[in-house]
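A.B. asks: Requesting a structural model of the entry that follows:
(chains A and B)
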Amino acid sequence: MTLNKIYGKLRRYNRKNYLLLTFCILLSVSLITSYAMIYFSPTVQNFLPQGGDSRKMGTMIFAAAILGCGIFTVYASSLFLKYKSREMGIFMAIGARKRQLRSVLFTDIGLVTASSSLLGLALGIPVSRGVWGLFQLLIVDTREMRYQFAPIGLGVGVAFAAAVTVCCFIQAVAFLKRSNIMEILNDHRKSEPVRDVKGWYGGVGIGLVILGFLLGYFGYDIFKILFSRRPPALWGLTYLLAVAGVYMTAIYLVVHGKKGRNPQRYYKNIISISMMRFMGRQTVRNICVIVLLVFGGLFAVIYVPGIWTQNQEVIKNMPVDCLFTYPAGEQQITEEEIQKLADTYQTEVKNYRELEVLELIVDGTEEIYDKDGRITETYIEREASAMFLKAGDISRITGSEVKIPAGSFGIGVKRAYKHTKGEKRLLLTDPSTGNSQALTYGGNVLFDASLVNDLGNIFYVLNDQEFDNYSSRLKPENKYVTAVFDVDNWKETYAFASALKNQIILRTSKAASVYAGYNNYVKYRYESQGIPYFMDEEYPPGEGSLKMDPENSMLSTSWRYYPQFKVLLAQDMLKNMSVYIMLFVYIAIVCLTAVGVIAYTRGVSIGINYKQVFVDLQRLGASHTYIRFCIRSQLRKIFFFPYFMGVAVSLFYMFLIYWQNDGIITSAETRAIGVILLAICLIFGYIYLVYRAADRKFQHLVGIREAAGKEE
Amino acid sequence: MLFDGLTVLENICVPQVIKGSQALQMENRARQLCTIFGIERIMEKYPAEISGGEKQRTAVARALMNHPSVILADEPTGNLDSKSCQAVIDAFQTAREQLQATIFMVTHDSYVASFCDRVIVLKDGCIFREVRNEGNRREFMDALLGVIREVGGESHDSE
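C.D. replies: Below you'll find the model as predicted:
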């Protein structure tokens, strides 16, 4: 009989504890590895614009998922050591040396972490392939959705597994350093109580959440206005105020109980409040992690409906069925050729018109950042080029008369923004003569389509006579053509629209294969000072995402002149957004799986640790119904409190984003909120199912489930 | 065992909380019990802040919350120091005298047993002897010790 043999027997006896830790590490490592393999695959990396919002959001949510999975694994290992403490205490009491115990404990931790990490890493590869395949099967299968093995992703998984292993060993070392045998013996029964907190705690907590988000999200604007500089890199830490706020609110919700005006209610919940206070710190930590993961998961879910409803809004309001713009110098497809193509697909093209679009130079303010982060705003009389349409042309297309007085300009806006106000004055420069003219703001012009695929989507409208004057002077390189037409029953014209789009792409010259935010005059300004234009460097025309290939689905988001056909917008949206959808839906799955596991294990461990309390309650005369009420009231705090806190924080952050985009909540955003609320309900359904499973297990642990069965 | 997260008053209220009684009514009853058992000063304190004797008195007060006819107490003074032990005895006497409660107690402590009206001495699961308190506790305790000696003496003789 050796210590190792005794330990081996104890290991077999306590295998459930080992399995729990193994399962937690395996799950977290495989989830993180599979997600990292998808996220870092060349397919996805090429798709996400460098420095773009999507990449930032993806990285942020991924960081939250890593943190969440890391915390729940550390939590699982501390639970494991808690179970171990009794064994270790007895060994120490009967004279085992720490060196001996260290060797067996390290062997245990080493075996569990190594086996579960390796298995998790190995599982990560097929899981990522499987998830990818599922998306291909259910959503879209384009050339861009080709699965590519990502060694960096596997590297992230290995790094995560190593970090988890190191954390487990650090905990084991700290555990072995303790010398008070009685403390070690009772460790598995030790609780970390939290005292009742004052009534203001919850309010201050909520206030801190709001303040943290406001400071973090509007940090750039705050610093720009107050100090004319970028916020320091550490400014992002202001988000920690929100974390502190969540912690305070969680403590308040968990332990605050005051008789107040409703003592009856207070006494009804007194047992669960008392238990929650008794194990407060662990529960509060759990709640905070769940809030963080729910926030991550929901934030990922929120992203998709936003894009989808915006697209639906564009389709609904477009004044024409098809619109495409190209520089006037391009040899683009003609009306006759379009008619011919339409005949091939038995489609009828009607109301074909070509609108002349002028490119003039406008004044504006340019923000220049120096190396120290200072922002210098410089007003430039000739800042950038902008597109101008003729009031009469818009009247003819929309059917409602547009009046722009001479000496004024109108701003083309979509329905959602019709009440917004533009700048009061515009200094216009004619690129052919170099003469400038100041115009006054003549109101908004409703036009529910973008001339080009540009983030700003701004175009101006001129009075007919002034427009004609400029037109007569401008050279072809300062002009564009916007072709608009309708088709019979647009929903049935996918094949024709697709063929026409392909034709347009194939006929586009390299000079016109430019990125969405490309601006000819800004390019001119930079190059005339001997500085290369940043757009040319970041998005070389005709290359990468701008390769003029009909199969290149990235053109829809990247290319400035991507045609806007209702049927393509309606049917290709999912296809073109497939990578985004996959990334965000998968990260939501990662976060929500972690939420389920954490809440379930916490619920069950309360059942294990506090079984005696329920036995005492039965001795004091509590019926099974009352015990069940107490159990469910505990579980509700673990499952539903953090879920709804996470929902509230996510919705608040979403409103911030929607508001910051354009200062209003558009009808598309309102509908996106509707879809998100539906998603929130569905996720609640999932949380509820896990809650029911934990409830059944809990009742089984305290022995009232069997009793109920016997009663029946 | 008291609930650590509840104050003394709330702990005493628990049996009626379980029954769903009216808050005001149960609070009045709990306060009354606190006064009877001399723990009104610590009503708002948590179990971690009070002594062992106070904990036991609280537990007895809690047991009396639902006006029971009989209190079953299994080794109520086990593991207690003499001061706390006296507190429990005092609490039971108060319960008997002021609240007319019957206390049915299992104990190995002859000193504690000497405060009872009747003692049934068990040996190996069978009744060995019944002893009644005739009014003088000291004499009653001597009688009990005699019976206990008989129980232990027999087994000693057989060795």
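
A.B. asks: C-alpha only now, for contacts and for neighbours.
C.D. replies: Noted.

A.B. asks: What is the strand or helix carrying A:Tyr480 packed up against?
C.D. replies: A:Tyr480 is part of strand A:479-487, with elements assigned from DSSP states H and E. Using 3 or more CA pairs under 8 Å, 6 or more residues apart in numbering or on different chains; DSSP states H and E, the elements in contact with strand A:479-487 are strand A:322-327, strand A:349-369.

A.B. asks: What residue in chain B comes nearest to chain A?
C.D. replies: The nearest approach of chain B to chain A comes at B:Gly5, 4.1 Å away (CA to the nearest CA).

A.B. asks: out of the helices and strands packed on strand A:479-487, deepest packed?
C.D. replies: Of all these, strand A:322-327 carries the top mean neighbour count, a mean of 22, counting by mean count of other CA atoms under 10 Å in any protein chain shown.

A.B. asks: now for that one, which elements pack on it?
C.D. replies: Applying 3+ CA pairs under 8 Å, 6+ apart, we find strand A:322-327 packed against strand A:479-487, strand A:564-565.

A.B. asks: who are the neighbours of the shortest one, in terms of helices and strands?
C.D. replies: In other words, strand A:564-565. If you count contacts as 3+ CA pairs under 8 Å, 6+ apart, strand A:564-565 packs onto strand A:322-327.

A.B. asks: A:Arg425 contacts A:Thr440, correct?
C.D. replies: Yes. Counting by CA atoms under 8 Å, A:Arg425 touches A:Thr440, with 4.6 Å between them.

A.B. asks: can you list the domains in chain B?
C.D. replies: Per the record, chain B has its domains at B:1-67+B:76-101, B:108-154, by the TED database.

A.B. asks: any low-confidence regions in the stretch 201-350 of chain A?
C.D. replies: For the stretch 201-350 of chain A, applying pLDDT under 70 flags the ranges A:257.

A.B. asks: go with 80
C.D. replies: A:230, A:233, A:236, A:254-262, A:272-282, A:300-308, A:310-311 (pLDDT under 80).

A.B. asks: Spatially central, which residue of chain A would that be?
C.D. replies: By CA atoms, centre = their mean, chain A has its centre lying nearest to A:Ala300, at 3.4 Å.

A.B. asks: Now for that one: which residues touch it?
C.D. replies: Shown in contact with A:Ala300 (CA atoms under 8 Å, 6 or more residues apart in numbering or on different chains): A:61, A:584-585, A:587-588.

A.B. asks: How about the residues of chain B by chain A?
C.D. replies: Contacts of chain B with chain A, taken as CA under 8 Å from any CA of the partner chain, map to B:1, B:3-6, B:14-15, B:17-20, B:22-23, B:63.

A.B. asks: repeat that with 6 Å
C.D. replies: Those residues of chain B that sit near chain A, judged by CA under 6 Å from any CA of the partner chain, are B:5-6, B:15, B:18, B:23.

A.B. asks: Which of those residues fall in helices?
C.D. replies: B:15, B:18, B:23 (DSSP state H).

A.B. asks: which one of these has the most neighbours?
C.D. replies: B:Pro15 (22 neighbours; other CA atoms under 10 Å in any protein chain shown).

A.B. asks: State the pLDDT value of that one.
C.D. replies: Listed pLDDT for B:Pro15 reads 87.

A.B. asks: ditto for A:Leu455
C.D. replies: Looking at A:Leu455, its pLDDT is 58.

A.B. asks: hmm, who's touching stretch A:110-124?
C.D. replies: Residues from elsewhere that reach stretch A:110-124 (CA atoms under 6 Å, 6 or more residues apart in numbering or on different chains): A:22, A:25-26, A:29-30, A:33-34, A:161, A:165.

A.B. asks: and A:Glu366, how far is that from A:Tyr220?
C.D. replies: 16 Å (CA to CA, to the nearest Å).

A.B. asks: Same check on A:Val158?
C.D. replies: In terms of CA to CA, A:Val158 sits 35 Å off from A:Tyr220.

A.B. asks: More neighbours: the two, which one.
C.D. replies: A:Val158 (19 against 16).

A.B. asks: Just the element for the nearest residue to the more buried one once chain neighbours are set aside, please.
C.D. replies: Once flanking residues are discounted, A:Val158 sits nearest to A:Leu121: 7.1 Å by CA to CA, 6 or more residues apart in numbering or on different chains. Taking DSSP H and E as the criterion, A:Leu121 maps to helix A:98-138.

A.B. asks: Now find how far off-centre that helix is within its chain.
C.D. replies: For helix A:98-138, the gap between its own C-alpha mean and the chain's C-alpha mean amounts to 27 Å (CA atoms, centre = their mean, to the nearest Å).

A.B. asks: Next SSE downstream of that helix?
C.D. replies: helix A:151-177.

A.B. asks: and that following helix, average pLDDT?
C.D. replies: On average, helix A:151-177 scores 90.

A.B. asks: what comes up buried for that helix?
C.D. replies: Buried residues in helix A:151-177, counted by 16 or more other CA atoms under 10 Å in any protein chain shown: A:152-154, A:156-158, A:160-162, A:164-165, A:167-169, A:171-172, A:175-176.

A.B. asks: Then stretch A:599-613?
C.D. replies: For stretch A:599-613, a neighbour-count test (16+ other CA under 10 Å) marks A:599-604, A:606-607, A:611, A:613 as buried.

A.B. asks: same thing with stretch A:30-38?
C.D. replies: With burial defined by 16+ other CA under 10 Å, the residues of stretch A:30-38 counted as buried are A:30-38.

A.B. asks: Format the CA atom coordinates belonging to that stretch as CSV.
C.D. replies: Extracted C-alpha coordinates of stretch A:30-38, given in CSV (Å, rounded to 0.1, in the frame of the first residue of the first chain):
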residue,chain,number,x,y,z
SER,A,30,-12.6,23.4,-27.7
LEU,A,31,-15.0,26.4,-28.0
ILE,A,32,-12.1,28.9,-28.0
THR,A,33,-10.0,26.9,-30.4
SER,A,34,-12.8,26.3,-32.9
TYR,A,35,-13.9,30.0,-32.8
ALA,A,36,-10.3,31.1,-33.1
MET,A,37,-9.8,28.8,-36.1
ILE,A,38,-12.8,30.3,-37.8
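
A.B. asks: Point to the helix or strand of the chain where mean pLDDT is at its lowest.
C.D. replies: The chain I'm using is chain A. helix A:704-711 (a mean of 58; mean pLDDT, DSSP states H and E).

A.B. asks: Give me the residue ranges of chain B where confidence is low.
C.D. replies: For chain B (pLDDT under 80), the answer is B:1, B:4-5, B:78-80, B:83-84, B:99, B:152-159.

A.B. asks: In helices, which of the buried residues of stretch A:599-613 fall?
C.D. replies: Going by DSSP H, the helices hold A:599-604, A:606-607, A:611, A:613 from those.
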